[in-house]
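Colleague: Using only what follows, build the 3D model:
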Amino acid sequence: MSPKAGWLRRAVLDALNDAAEIGLLETVSMPVRAFDPFLRPMLRAGVKRAFEAASKATTITEPGHILRLAYLEAHPQKPNVNPNDIQAVASAFGALTARAPKRDAIKVGGYRSTASVASDDVAPESAAPPKRKKRWPVTTAFVALLLVGTAVPIAVKVVPFFIPSPLAKFRQTPLGVALGDPLTDFVLGYGKSGEGKAAKANVVSPAVRTQIGPDAIAALEDTLTRTPEASASEAATPDEALGDLFKSVNKTNQLFSDGNIPALLHVYGEGYPGRRAVWLVSYFVERRTFLSYDNLRFSVAWGRRIDTLNLNDAHAYKGAQEDWAILSLNKIEEQFVEKWLGGLETCGPMGFVQQFKEDDHSAQAELAREAGKRACEEVKKVNFSPSDAASLNRHIEDRNRLAVALRDANFSVMPNSRMEIAPSIVRSLREHIERDSRHKSLVESYLKYNDRIAVYRRSADAAIALIAAVEEEGFVGQLAHEALGKDRPHVPGFRSIDSGKFASALTLLAHAQASPRIALWYVIRRAIDGDRDLRFACESLFEKLGSSNMDSNWVDDEFMVFAKKALETDPAEIRRLAALVYREVLGRAPPTFARR
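Modeller: Numbers count the residues shown, from 1 in each chain. You can find the predicted model right below:
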């Protein structure tokens with residue numbers, strides 16, 4: 001007999017023994033309740049079989065006799081007794097139960113506590129026996145596993161929310177504070193001697209000096225000194241006017257990088273000699289990457305704006321005299337919310353403004369469905385699920401409805417696609433309700449969405465990073481092509497194309513990617529949006545997949561059909577074809593690419 005079978009038989013005998021002690025047929029299943037809920041069906045079946053066998057074996061209808069006989073029927077040492085001999089059955093029952101471990105009698109409502117003929121040791125009705133210990137090994141283990149299984153995913157999702165993000169931590173440091181409002185005040189006030197001097201002192205405060213060290217603080221201070229000088233320069237061109245300032249910014253940024261200080265400065269200017277506007281902006285650096293194309297290396301900072309100047313960022317940018325390229329995570333994040341999140345929520349159509357009905361099988365609708373399906377597959381690999389996308393999307397929509405309500409109440413708040421309410425807006429709203437509490441409930445409801453969205457930020461950031469890496473290579477690939485000094489090809493159907501964009505797109509597709517379908521969709525989507533250089537790259541690729549009659553002047557159904565086919569094609573084959581097209585059009589192999 002297996003251990004499981006032996007345990008089950010003992011449990012059946014315990015239940016029958018308890019029922020016999022009570023002595024009432026209607027209580028025959030009650031002792032089973034003391035056992036594991038998962039095992040009760042088997043116990044009830046065992047008790048039922050023994051009870052039915054006993055009932056058939058005897059003509060006596062006295063309940064206690066039938067229950068004692070059922071016990072004998074279920075016992076492995078089943079004694080050979082006359083089933084109609086009440087005394088013999090009682091004696092055999094008493095002998096077997098006397099050797100069994102002593103158990104507490106079960107008191108059942110107003111019923112007598114025992115009907116056993118074999119025992120006179122009956123507890124008085126008023127005596128409450130100790131409660132029988134329940135044995136639930138399966139249920140206990142299952143519930144424990146269920147709790148652990150539920151707690152672990154919740155902990156993975158929620159616990160990081162209670163741990164401040166690197167950006168939140170940096171904002172609390174002296175430099176993080178200094179590169180926010182104090183730097184903004186300096187840029188807006190450097191033309192006013194008193195204001196500029198006071199703001200500069202706040203940026204290079206003793207606390208900042210202690211945090212970043214003497215070399216970095218000296219470089220930062222030099223940058224601030226050269227900013228008004230560049231503004232007042234009479235040099236003919238902005239590059240000449242800002243030349244020394246660029247050098248100082250580059251030195252500061254390099255010292256930040258060498259010292260593992262997650263910050264970056266960026267400068268640009270516009271206007272006329274002697275009265276140029278010079279803008280100095282700051283970023284928290286979430287990641288530094290180094291991309292190599294053949295023998296060229298490019299440094300890229302993945303940054304989030306810290307200053308509060310009302311200046312718009314490009315997705316990616318590099319000043320001609322600056323050493324670092326900047327990838328704006330603020331802009332990538334907005335793009336993710338606006339163009340990717342809806343499709344990732346359903347793993348359905350994405351990339352187009354219009355909604356597609358289920359019975360719409362147009363080329364555009366089928367391409368949108370394929371794009372959503374493939375993107376969803378790739379972001380799932382970094383643990384961003386459709387349910388995460390749905391929750392994040394819902395929270396952003398709900399927050400934006402509150403933003404409309406605040407705007408209607410004359411607050412300077414607008415709906416947007418960012419995942420975080422800017423610290424300057426948070427501060428402004430809190431200061432307002434301290435002065436005037438009439439809209440306090442509305443403001444607090446709005447601000448709570450920072451916390452609600454933060455629960456999903458880490459998983460969303462992993463998905464955003466896949467898109468950011470593609471954006472980064474699309475931009476830096478153009479810089480590499482220009483730096484390598486390649487010629488501009490002339491292609492039939494185009495007056496000329498930007499060979500940098502064309503080469504960058506094919507280089508992107510010609511090497512292994514963490515998310516090859518997202519990279520391909522990046523190129524296709526921009527071609528559809530009207531980028532003729534990338535449209536030519538796509539059409540050249542689609543010809544290798546069998547297209548023979550494309551009109552290079554616009555995107556038509558055939559383009560959509562072959563775009564879908566490209567997304568369905570094995571990424572290794574797309575890499576091979578992209579390298580082949582690059583070689584045929586530009587006359588050489590794509591540059592060797594490396595990332596670190």
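Colleague: correct me, but Leu344 touches Val379?
Modeller: Yes: contact criterion Cβ atoms under 8 Å: Leu344 and Val379 qualify, at 6.0 Å. No exception for glycine: its C-beta is placed from N, CA and C like everyone else's.
Colleague: which neighbours do these two share?
Modeller: Ala463 (Cβ atoms under 8 Å, 6 or more residues apart in numbering).
Colleague: Neighbours of Lys247, how many?
Modeller: Applying other Cβ atoms under 10 Å, we find 16 residues neighbouring Lys247.
Colleague: Oops, could you answer that again for Leu442 instead?
Modeller: Using other Cβ under 10 Å, Leu442 is surrounded by 16 other residues.
Colleague: give me the element it is part of.
Modeller: If you go by DSSP states H and E, Leu442 is part of helix 440-483.
Colleague: After that helix, heading C-terminal, what element do we hit next?
Modeller: Next along the chain from helix 440-483, counting by DSSP H and E, comes helix 499-510.
Colleague: what angle do that next one and helix 440-483 make?
Modeller: 100 degrees (axes from the mean of the first three to the mean of the last three Cα atoms, to 10 degrees).
Colleague: ok, then the element right after helix 499-510?
Modeller: helix 516-528.
Colleague: that's a helix at Gly271, yeah?
Modeller: No: read with DSSP: H, G, I helix; E, B strand; the rest coil, Gly271 is strand and lies in no helix.
Colleague: Name the nearest residue to it, ignoring sequence neighbours.
Modeller: Nearest residue to Gly271 in three dimensions, chain neighbours excluded: Ala277, at 5.1 Å (Cβ to Cβ, 6 or more residues apart in numbering).
Colleague: For that neighbour, pull up the helix or strand it's in.
Modeller: strand 275-293.
Colleague: For that strand, which strands pair with it and how are they oriented?
Modeller: In the sheet, strand 275-293 lines up against strand 263-272 (antiparallel), strand 296-305 (antiparallel), strand 593-595 (antiparallel) (DSSP bridges).
Colleague: Out of those strands, the one nearest Ala483 is which?
Modeller: Within the strands paired with strand 275-293, the stretch nearest Ala483 is strand 296-305; the backing value is 5.5 Å (Cβ to Cβ).
Colleague: could you point out which element follows the closest one?
Modeller: Criterion used, DSSP H and E; the element after strand 296-305 is strand 316-317.
Colleague: Now the strand holding Ala277: buried residues?
Modeller: Within strand 275-293, the residues scored as buried using 16 or more other Cβ atoms under 10 Å are 276, 278-289, 291-293.
Colleague: Buried residues in stretch 198-211, which are they?
Modeller: Ala199, Lys200, Val203, Val204, Ser205, Val208, Arg209, Gln211.
Colleague: Of these, which belong to helices?
Modeller: Ala199, Lys200, Val203, Val208, Arg209, Gln211 (DSSP state H).
Colleague: Let me have those residues in TSV, extended by pLDDT and distance to Ile163.
Modeller: Below are those laid out as TSV (pLDDT from 0 to 100; distance: Cβ to Cβ, whole Å):
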residue	pLDDT	distance to Ile163
Ala199	92	33
Lys200	95	34
Val203	97	29
Val208	98	25
Arg209	97	29
Gln211	97	21
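Colleague: so where's the chain shaky on pLDDT?
Modeller: For the chain, applying pLDDT under 70 flags the ranges 1-7, 21-40, 99-162, 193, 486-498, 549-554.
Colleague: Now do the phi/psi pair for the nearest residue to Ser428 once chain neighbours are set aside.
Modeller: Leaving aside its sequence neighbours, Ser428 sits nearest to Ser412 (Cβ to Cβ, 6+ apart; 7.4 Å). For Ser412, the backbone dihedrals (degrees, to the nearest 10) come out as phi -90, psi 70.
Colleague: measure Ser412 to Glu420 for me?
Modeller: Using Cβ to Cβ, to the nearest Å, we find Ser412 at a distance of 17 Å from Glu420.
Colleague: ditto for Pro214
Modeller: Separation of Pro214 from Glu420 (Cβ to Cβ): 34 Å.
Colleague: and if you look at Ala88?
Modeller: 84 Å.
Colleague: More neighbours: those two, which one.
Modeller: Between Ala88 and Glu420, counted using other Cβ under 10 Å, Glu420 has the larger neighbour count: 19 against 15.
Colleague: Now for that one: which residues touch it?
Modeller: Asn450, Ile453, Ala454, Arg457.
Colleague: That one and Phe246, how far apart?
Modeller: Following Cβ to Cβ, the distance that separates Glu420 from Phe246 is 31 Å.
Colleague: thinking again about what came up before, please determine how far the residue nearest to Gly271 is located from Lys48.
Modeller: Per Cβ to Cβ, Ala277 is found 91 Å from Lys48.
Colleague: And for His75?
Modeller: Counting by Cβ to Cβ, the gap from His75 to Lys48 is 16 Å.
Colleague: do Leu296 as well
Modeller: From Leu296 to Lys48 the distance is 82 Å (Cβ to Cβ).
Colleague: what do you get for Arg297?
Modeller: Counting by Cβ to Cβ - Arg297 and Lys48 are separated by 79 Å.
Colleague: Check His266 too.
Modeller: 81 Å.
Colleague: what about Ala230, distance to Pro214?
Modeller: Using Cβ to Cβ, one gets 24 Å for the distance from Ala230 to Pro214.
Colleague: okay, those two: which has more neighbours?
Modeller: Neighbour count, other Cβ under 10 Å: between Ala230 and Pro214, Ala230 has more, with 22 against 9.
Colleague: Wasn't the more buried one part of a strand?
Modeller: No: under three-state DSSP, Ala230 falls outside any strand and is assigned helix.
Colleague: hmm, back to that, just put the ones in helices among the buried residues of stretch 198-211 in CSV and tack on distance to Ala363.
Modeller: Formatted as CSV, these follow (distance: Cβ to Cβ, whole Å):
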residue, distance to Ala363
Ala199, 57
Lys200, 59
Val203, 55
Val208, 57
Arg209, 62
Gln211, 57
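Colleague: Relative to Ser328, which of those residues is nearest.
Modeller: Val203 (22.2 Å).
Colleague: quick one: the closest one from Gly243, how far?
Modeller: 22 Å.
Colleague: One more: Leu69?
Modeller: In terms of Cβ to Cβ, Leu69 sits 107 Å off from Gly243.
Colleague: which of the two has more neighbours?
Modeller: Comparing Leu69 with Gly243 by other Cβ under 10 Å, the one with more neighbours is Leu69, at 28 against 16.
Colleague: And for the more buried one, nearest residue in space, chain neighbours not counted?
Modeller: Of all residues not flanking Leu69 in the chain, Ala54 sits nearest, at 4.0 Å (Cβ to Cβ, 6+ apart).
Colleague: quick one, phi/psi of that neighbour?
Modeller: Dihedral angles phi and psi of Ala54 (degrees, to the nearest 10) take the values phi -70, psi -40.
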